[in-house]
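Trainee: structure for this input, please:
(one chain, ligands or ions: 1)
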Amino acid sequence: MKRFAAVDLGASSGRVMRSLVDADRFELTEVHRFPNEPVRVGGTLHWDVLALYREILTGLRAAGEVTSAGVDSWAVDYGLLDASGALLGNPVHYRDSRTDGVPDRVEALVGADRLYATTGLQRQPFNTLFQLASARGTPQFALARTLLLVPDLITYWLTGVTGAEVTNASTTQLFDLNRRAWAADVMREVGLDPALFPPLREPGAVVGPPLPEASLSTVDAVVSVGSHDTASAVVGVPTSTPNFAYVSCGTWSLVGVELSNPVLTEASRLANFTNEGGVDGTVRYLRNVMGLWLLQESMRVWDEHDVSALVAAAAREPALAAVFDPDDPVFLPPGDTPARIAAACARAGQPVPTTPAAFTRSIMDSLAVAHRRAVREAQELSGTHVDVVHIVGGGARNALLCQLTADACGLPVLAGPVEATALGNVLVQARSAGAVGGDLAAMRALLRATHEVVRYEPAGNAREWALAEARLR
Ligand code: LFR
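Mentor: Numbers count the residues shown, from 1 in each chain. Model prediction:
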């Protein structure tokens, strides 16, 4: 029986989990949870990364003796180090507006089709490439010698070792997925020095022991995991068949399939599907659906805190009264989301929700429609076939959304585990330490044997959902 610690940073909270693993046992306990509150200063939205680091240290101390610890977080965001290794300013939040208009400028230079052919990445204003294009020319950037993505920055502070874990590197739009190497030619074309980007490392690689200054005598080593949270979440999908789609459902809904090769067609680019690197050389072929962010932001505006009561009230509202396209970029920045939803419904000639319950219903219905559309397109664009949809992450707790997704997709939904990301993080560490063996299928078999899922059968009204999907266009 070996013990591991998983550090999992989410957009609104972080947690440190302790796990016990052997060939037929796999337990996970939360030992520390802390808020992640972005800070707006000087007109820019930042991550408070030192506060996060302090909480991580507290959590790792609370985890006790572990063979290793691994860190994952959201993607794309980074810190810059100067020549002495000091952090140059707080990392900027991917929802900051500094990249407004930047994708057009960069694509005029490099060509959207060429970018997609090399990197396979979706077009999102927050891609690291676009963030860097906007940062270039600032005094801070002039001093930068090393770029570290957020989990790599935490790992660097813990160990003193710099590196770039590949699953997260694949979200930068500066990574060549076919060669699983940095795309140095793209970097040069946009005026970025390839020397800024540290050597790549695969999930499972031992990074090193914690530095004395971290005072973590109970942690033997820090191990590289699928440091993009979505990559760890996909490892944590307890599928028994290769014919599955996943929805990693939290702040975002990441909806897609697992492939062995990227899909780089023009149709795929225009559909804005992304090819991100997965653990063991897999490709996460998926779409970013706006996710429960819509509800989180609405609740913030309403000053409402009881999500269960709100979703229960939404379940009593009429179905499919007002659907809107959740993937409209208007919903990306923080702000008055209910007002934006009302405007979207009005524009589409649909009834405008008036109560929090009706808005919540509209969000759930619209997310289910977007899940349906993404599952359908993922299959069409990749030439795969899906028999079941797995929902993992916090959204697996939302019975209404799980049922609506089953109905909308016309497929059974298997919901859980809620902590798929931390479980996927631990599985990669456990394999590296020899506590579990085998490939992704073997790791998922252990997950199935030790974690419950809830099954939702489709209601058989797929036609109504097809019509609802047509209303998004
Ligand atoms: C989910 C996630 C998504 C990524 C978004 C921004 O937490 O990592 O996969 O597109 O956050 O980093």
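
Trainee: check which helix or strand covers whatever residue of the stretch 301-450 of the chain ends up closest to the ligand.
Mentor: Nearest residue of the stretch 301-450 of the chain to the ligand (Cβ to the nearest ligand atom) works out as residue 421 at 8.4 Å. Bear in mind the C-beta positions are built from the backbone N, C-alpha and C, glycine included. When secondary structure is defined by DSSP states H and E, residue 421 falls within helix 420-432.

Trainee: surely the residue of the stretch 301-450 of the chain closest to the ligand and residue 237 touch.
Mentor: No. Between residue 421 and residue 237 there is no contact, the gap being 10.6 Å when judged by Cβ atoms under 8 Å.

Trainee: re the thing from before, list the contacts for the residue of the stretch 301-450 of the chain closest to the ligand?
Mentor: Going by Cβ atoms under 8 Å, 6 or more residues apart in numbering, residue 421 touches 8, 72, 229-230, 232-233, 236, 248, 392-393.

Trainee: tell me which element residue 405 is part of?
Mentor: Secondary-structure assignment from DSSP H and E places residue 405 in helix 399-409.

Trainee: give me the mean pLDDT for the helix or strand that that helix is followed by.
Mentor: Downstream of helix 399-409, the first helix or strand assigned by DSSP H and E is strand 413-415. The predicted model gives strand 413-415 an average pLDDT of 98.

Trainee: show me what strand 413-415 is packed up against.
Mentor: strand 388-392, helix 399-409, strand 454-456 (3 or more Cβ pairs under 8 Å, 6 or more residues apart in numbering; DSSP states H and E).

Trainee: spell out which residues of this structure are next to the ligand.
Mentor: Taking Cβ under 6 Å from any ligand atom, the part of the chain that reaches the ligand is made up of 74-76, 94, 228-230, 251-252, 254, 288.

Trainee: quick one on the thing from earlier: and the helix holding residue 421 with strand 388-392, angle?
Mentor: With axes from the mean of the first three to the mean of the last three Cα atoms, to 10 degrees as the basis, helix 420-432 and strand 388-392 are set at 90 degrees to each other.

Trainee: buried residues, the helix or strand following helix 420-432. List them.
Mentor: Next in sequence after helix 420-432, counting helices and strands by DSSP H and E, comes helix 440-450. Applying a neighbour-count criterion of 16 or more other Cβ atoms under 10 Å, the buried positions in helix 440-450 are 440, 443-447, 450.

Trainee: what pLDDT, on average, does helix 440-450 get?
Mentor: Averaging pLDDT along helix 440-450 yields 97.

Trainee: might you report the residue contacts of the residue of the chain positioned farthest from its centre?
Mentor: Here the centre of the chain is the reference, and by Cα atoms, centre = their mean the most remote residue is residue 349, at 32.8 Å. Not one residue lies near residue 349 by Cβ under 8 Å, 6+ apart.

Trainee: mind checking the SS state of it?
Mentor: Of the three states, residue 349 takes coil under DSSP: H, G, I helix; E, B strand; the rest coil.

Trainee: need the pLDDT of it.
Mentor: Among the per-residue scores, residue 349 holds a pLDDT of 89.

Trainee: got it, and the one 5 residues further on?
Mentor: Confidence at residue 354, expressed as pLDDT, is 96.

Trainee: the strands in the stretch 151-300 of the chain, which residues?
Mentor: With DSSP state E, counting those that start in this stretch, the ranges of strands along the stretch 151-300 of the chain come out as 164-165, 175-176, 181-182, 200-201, 206-208, 222-223, 244-249, 253-259, 274-277, 283-289.

Trainee: pull the longest helix from this protein.
Mentor: helix 356-382 (DSSP state H).
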